[in-house]
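A.B. asks: Structure here, sequence nowhere to be found:
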């Protein structure tokens with residue numbers, strides 16, 4: 001993903017309202033250890049507690065990578081390149 005963002009090949013689609021959760025590998029490891037040592041059998045969903053819409057995190061990530069702002073494309077154009085699933089991830093997830 002960082003390389004796509006650097007090359008401006010990861011556009012902001014539509015309103016960028018899709019909300020993504022990220023987790024740092026150290027936090028995932030800590031959660032795994034906690035589940036092994038104190039948890040019960042089952043499925044765990046390990047994510048951050050401060051999710052952000054694409055319209056917020058994508059430009060911030062581009063800036064952190066020293067890249068130009070992402071290209072903004074309407075949903076229709078996004079659908080041509082990313083398909084319906086890609087558009088939903090960027091706008092509605």
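C.D. replies: That came through fine. All values reported here derive from a predicted model rather than from experimental measurement.
A.B. asks: so residue 85 sits in a helix?
C.D. replies: Yes - assessed by DSSP: H, G, I helix; E, B strand; the rest coil, residue 85 belongs to a helix.
A.B. asks: How many neighbouring residues does it have?
C.D. replies: Around residue 85 there are 10 other residues, counting by other Cβ atoms under 10 Å. Using the backbone N, CA and C atoms, a C-beta is placed for each residue, glycine as well.
A.B. asks: Local confidence estimate at it?
C.D. replies: Predicted confidence (pLDDT) for residue 85: 93.
A.B. asks: likewise the one 4 residues further on?
C.D. replies: The predicted local distance difference test score for residue 89 is 93.
A.B. asks: Would you mark the buried spots in stretch 37-51?
C.D. replies: Neighbour-count burial for stretch 37-51 flags no residue at all (criterion: 16 or more other Cβ atoms under 10 Å).
A.B. asks: again with stretch 11-25
C.D. replies: Using 16+ other Cβ under 10 Å as the test for burial, stretch 11-25 gives 11-14, 16, 18, 20.
A.B. asks: same thing with stretch 64-82?
C.D. replies: The neighbour-count check on stretch 64-82 (16+ other Cβ under 10 Å) flags 67, 70, 72-73, 75, 78-79, 82 as buried.
A.B. asks: Which one of the buried residues of stretch 11-25 is nearest to residue 27?
C.D. replies: Within the buried residues of stretch 11-25, the smallest distance to residue 27 is 15.4 Å, found for residue 20 (Cβ to Cβ).
A.B. asks: That closest one: what's it in contact with?
C.D. replies: When contacts are counted by Cβ atoms under 8 Å, 6 or more residues apart in numbering, residue 20 touches 51-54, 57, 89, 93.
A.B. asks: rerun at 10 Å
C.D. replies: The contact partners of residue 20, by Cβ atoms under 10 Å, 6 or more residues apart in numbering, come to 47-48, 51-54, 56-58, 89-90, 93.
A.B. asks: Quick check, pLDDT for residue 35.
C.D. replies: Looking at residue 35, its pLDDT stands at 92.
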